[in-house]
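Chemist: sharing a model prediction with you, sequence too.
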Amino acid sequence: MDPIIQLWLPILVSSVVVFFVSFLMHMVIKHHKNDFSKIPDEVRLMDEIKKSNIPAGDYVFPFCNDDKERNSKEFKEKFEKGPVAIITVYPTGPMSMTSNLIGWFIYSLVVGVFAAYIAGHALAPGAHYLAVFRFAGATAFVGYSLALLHDSIWFRRKWSTTLKYIFDGLIYGLVTGGVFGWLWPAA
């Protein structure tokens, strides 16, 4: 079976359903509301960052260019003295989530395409619901979740936050698997 052509409907429907489930999880249940904390003396710190005119991007401090600098006494002292941080500076201007929401929907489509590719090559039209659910759901779970572990391992994101996002990915994977099983082409 050519999964992308024959599975366009489950790809699209699962993306729409995941989009709305994620809305419910983030805006109604709000189990991510404590993922970030307010930094002490926020106004002063914001003013200092503004004075530095830091362009939007990802930053780490203290910063080093290579292993030689990382192993230097000066860098080690800066690291031990602190503070040590990774920050993302957003562009200034009016707050809008439009591009984030569009990006999230496109990402959900991409996960759906991979779920279709794997399930479509593993299973024939008319496959049993649970077989489709297993292949599409597991693929979607991997797409939504496993790379998140990277941020806790390397960048010290709180494990509680990462585990909540992995739980979200499990829900999105189950939803995707369910939609694919429901809309799988008949034999």
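Modeler: Yes, it's here.
Chemist: which residue ranges form the strands in the protein?
Modeler: Remark: strands of the chain, listed N- to C-terminal, are 57-61, 85-89; assignment by DSSP state E.
Chemist: who does the first one touch, helix- and strand-wise?
Modeler: Under the contact definition 3 or more CB pairs under 8 Å, 6 or more residues apart in numbering; DSSP states H and E, strand 57-61 sits against strand 85-89. (Each C-beta comes from the backbone N, C-alpha and C, glycine too.)
Chemist: sheet-wise, list the partners of the strand it packs on with their directions.
Modeler: Strands that pair with strand 85-89, judged by DSSP bridges, come out as strand 57-61 (antiparallel).
Chemist: who's in contact with the one helix or strand in the chain whose mean pLDDT sits lowest?
Modeler: Ranked by mean pLDDT, DSSP states H and E, the helix or strand of the chain with the weakest confidence is helix 3-6, at a mean of 82. Counting by CB atoms under 8 Å, 6 or more residues apart in numbering, helix 3-6 makes contact with I11, V113, A116, Y117, A119, G120, H121, P125, P185, all of which sit outside it.
Chemist: ok, now which ones touch the last one?
Modeler: Listed by CB under 8 Å, 6+ apart, the contact set of P185 reads M1, Q6, L7, P125, G126.
Chemist: give me every residue that touches the third one.
Modeler: Contacts of L7 were listed using CB under 8 Å, 6+ apart, and they are A116, A119, G120, F180, L183, W184, P185.
Chemist: who's sitting farthest from the centroid in the protein?
Modeler: Outermost residue of the chain with respect to the C-alpha centroid, by CA atoms, centre = their mean, is K73; its distance is 36.6 Å.
Chemist: state the pLDDT value of it.
Modeler: According to the prediction, K73 has pLDDT 95.
Chemist: show me what contacts it?
Modeler: Neighbour list for K73: empty [criterion: CB under 8 Å, 6+ apart].
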